[in-house]
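sequence and predicted model, in that order:
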Amino acid sequence: MRWLWWFVLAPQTFLLAGFWRDAGLPPLDVAVLFCVFLALFADRAALPWLLLGAALGRALVDEASLPVQILVLGVPVAVLLPLRSLFFGQRWLWQAVAAAACAVAVPRLAGLCGRLFDQPSASAQLDGMAVLWAALLLPPLLVVLRRLPPFRAFEERT
Amino acid sequence: MRQQAAVFPVGLYGMLLFALCWLTLPNVFAPLERLLLGAVCLVPRAASEWSGQPAFAAEADARERTELRTALATRLRGEDIGGGRALLASDLEPVYCAVREVLGDGSRRGGAGQPAELLLEATHAELDDCAAFVTKGDALLGFLVPAGIGVAADDGPGQPARVVLLHHRAAPPVYAAMPLDDGAHLRLVVRGAATVDPAPLRVDLWDDPYRAARLDRGGHVVRTLALDDGAAAVPPGLQLGRTRIWGYDGDDGQAALAIGVFVVPPYEPRALSHVVVWRDRRRATAVPAAAPADAPQRRFAVVRDLPGAVHGRHLLIAAGEIAAGAAVVQQGMLLGTARDLAFGLGLVTSFGASRHRWSLLLLPDDPEAPPRELDGRVVRAAGHEAWVACHTAADANARLPAGQLFTGSNGPGCPAGLWIGSAEPVADDRTLLLVRTRPLPSPRAVEVWTRPEPSGGR
């Protein structure tokens, strides 16, 4: 059941971000939100399918194909995942750093994949303000989302 | 075991590896992608039921676009045929052909890595009695390849005619001449350059290599000389391009030394939308009509905005299959290109949100100025404005004029002549155009241009 909720709701998060943007709120990259959640909080065994759900959502709002979205979201997660065990203590700071790193990595990877696989997309432009807002907004937003379905069902229990 | 999974997340790496395989074999996994994305789009599809009835474009707008398209077609045709008409024998009549697709992958890349093969809207059978050479304005573009021969070895008579441009490796070399500053002429042979060369064509042989080595500047116009080598008769006087010299500067009073002379054609291969082939009136035979099954079809559909649609993504609801890259058009205005999904759904990326290359046509506001074929890419967009970086081979230093922007030939599903918006040059960058598209309320009644795969193979 939790998987049904994930594949129904998680991709729509990218569309909800459109409402957020239309309302004039600060730019928020949902791809970064998913990267941080998957890398720091998600159940490791479920990661591949969680990643697929997130990539499906990004493919709704981005021109590049689904496998490119899997790479764009999956590579930062694969890099950050081994660092999860280090993130004790200063959780807020680590989350902010991870969010900022992902906010830089995601457009860079989108640009690189666009060039390599001839699938350029508008999301390949790095926006300094988006990096700043990702570092500031995503940690508190994750606190809320981790208490809501479908994210709550996939949080790793320690 | 858990410790090991923490260090080496096999599932995640497996998914990344799977994505790479997916990218390597896109056609194998395309149905899976269509199904998954189509299923995800069912949620916004259901939500869109509450967003009202589809709107049509105003009659006045549609009429204005029809007039613009007619003006573009008339001026473009006049420009493309006129230059060659003045140079060719009067018993040759022009056959004006739209380009269906510019092919530039793998072996179809020619000199300087440029695309070097064209598929035309006309079939091999329709152009069977035409001369081999293909022109545009006063320029020689390349040669028709008969069905069953060379690069068209697998083509049947009912399939789109194929043209190899001069810089294709299969194109025959061309005998030509260039005037020098002292009034003399150098005769030369021009052929396709290597893919790594700085220009599509290179000079292969000179009648006076000593004088050629002393060329100290480029920019000379190279024109064909008459030669019938049995394979491809080329009329004299057609332009091949302008020279570009590679060599050493003549420092300290020394004479310049040219070590390579290249020729830059007066067109941008990626931007070609129409070409002209020539038929001898005396030998003309009946021309069969194009196969009806191959004609472009317009399928009615509805476009609904996704949240944040001002940034260029829309949901397409259509009955039946949609070709990837098909143009989504509202009464002559291009909304974007479609991506086919399962369940009769599609996703539309608007022109402003796209970042791939476009073949474009610019109709200048000045009625005396010729239409321009451009190879463009959107670099930035805000609302209904898009900044398009353009490349055109013709007089690269000239500033682009203000005018109306249309699609060029962008594949079988996106033909030339669809209105995109009004364009004006950007003051501080001569290659940049600011394009303003027209905002329309959602949902919209649209047409999706589709075309079946060409038939008529052997």
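Received the coordinates, thanks. Numbers count the residues shown, from 1 in each chain, chains lettered A, B, ... in the order given.

now do B:L361 against A:L132, distance only.
Using CB to CB, to the nearest Å, B:L361 is found at 41 Å from A:L132. C-beta: built from backbone N, CA, C; applies to glycine.

now for the longest helix anywhere in chain B, which elements pack on it?
Longest helix in chain B by number of residues, with DSSP state H as the criterion: helix B:59-85. In terms of contacts (3 or more CB pairs under 8 Å, 6 or more residues apart in numbering or on different chains; DSSP states H and E), helix B:59-85 is packed against strand B:92-103, strand B:130-136, strand B:274-280, strand B:357-364, strand B:403-407, strand B:419-426.

so where's chain A uncertain?
Residue ranges of chain A with pLDDT under 70: A:87-90, A:158.

the residue in it positioned nearest to chain B: how many residues sit nearby?
Among all residues of chain A, A:G18 sits closest to chain B, at 2.3 Å; criterion: CB to the nearest CB. When neighbours are counted by other CB atoms under 10 Å in any protein chain shown, A:G18 registers 20.

and the one 10 residues further on, by the same measure?
The burial count assigned to A:L28 is 17, neighbours taken as other CB under 10 Å.

so it touches A:L132, yeah?
No: judged on CB atoms under 8 Å, A:L28 makes no contact with A:L132 at a distance of 11.3 Å.

now A:W133, what's its secondary structure?
Three-state call for A:W133 (DSSP: H, G, I helix; E, B strand; the rest coil): helix.

any idea how far the closest residue to B:P412 other than its chain neighbours lies from chain A?
Among residues not flanking B:P412 along the chain, B:R451 sits closest, at 4.7 Å (CB to CB, 6 or more residues apart in numbering or on different chains). Relative to chain A, B:R451 is positioned 22 Å away (CB to the nearest CB, to the nearest Å).

in space, what's closest to B:Q239 - neighbours in sequence excluded?
B:A139 (4.6 Å).

how many neighbours does the one you found have?
By other CB under 10 Å, neighbour count at B:A139 equals 22.

the chain: helices as residue ranges?
Since no chain was named, I'll use chain A. A:2-9, A:12-22, A:30-40, A:47-61, A:66-80, A:91-116, A:128-145.

actually chain B
Using DSSP H, helices in chain B cover B:2-7, B:10-24, B:26-47, B:59-85, B:209-213.

between B:L361 and A:L132, who's got more neighbours?
The residue with more neighbours, out of B:L361 and A:L132, is B:L361; 26 against 14, by other CB under 10 Å.

what's near enough to touch that one?
Contact analysis of B:L361 by CB atoms under 8 Å, 6 or more residues apart in numbering or on different chains lists B:72, B:76, B:273, B:371-374, B:405-408, B:416-417.

same check on B:T437?
Counting by CB under 8 Å, 6+ apart, B:T437 has contacts B:M333, B:S350, B:F351, B:G352, B:H384, B:E385, B:A386, B:I420, B:G421.

excluding sequence neighbours, find me the nearest residue to the last one.
In space, not counting the residues next to it along the chain, B:G421 is nearest to B:T437; the distance is 4.0 Å by CB to CB, 6+ apart.

how close does that neighbour get to B:C390?
Taking CB to CB, one finds B:T437 at 16 Å from B:C390.

same thing with A:V104?
According to CB to CB, A:V104 and B:C390 sit 30 Å apart.

pick out whichever of those two has more residues nearby.
Between A:V104 and B:C390, counted using other CB under 10 Å, B:C390 has the larger neighbour count: 23 against 17.

so that one sits against B:D375, correct?
Yes: in terms of CB under 8 Å, B:C390 counts as a neighbour of B:D375; the distance is 7.0 Å.

list residues touching both of the two?
Common neighbours of B:C390 and B:D375 (CB under 8 Å, 6+ apart) are B:L360.

for the residue nearest the centre of chain A, which non-adjacent residue is closest in space?
The structure's chain A has its C-alpha centroid closest to A:F34; by CA atoms, centre = their mean the separation is 2.4 Å. Nearest-residue entry for A:F34: A:A54, 4.0 Å, with adjacent residues in sequence omitted and distances by CB to CB, 6+ apart.

quick one on the thing from earlier: for B:A193, find the nearest of the helices of chain A.
For those, proximity to B:A193 was assessed by CB to CB; helix A:91-116 is nearest, at 24.3 Å.

check contacts around the residue nearest to B:Q239.
B:G83, B:L238, B:Q239, B:L240, B:G241, B:P265, B:P266, B:Y267.

could you rerun that using 10 Å?
By CB atoms under 10 Å, 6 or more residues apart in numbering or on different chains, the contact set of B:A139 is B:80, B:83-84, B:166, B:223-224, B:238-241, B:265-267, B:393-394.

what distance do you get for it to B:A47?
53 Å.

swap in B:R187?
Distance from B:R187 to B:A47, counting by CB to CB: 70 Å.

cool, and B:G111?
52 Å.

neighbour count for these two, which is higher?
The residue with more neighbours, out of B:G111 and B:A47, is B:G111; 28 against 15, by other CB under 10 Å.

any idea how far A:A99 is from the more buried one?
Distance from B:G111 to A:A99, by CB to CB: 48 Å.
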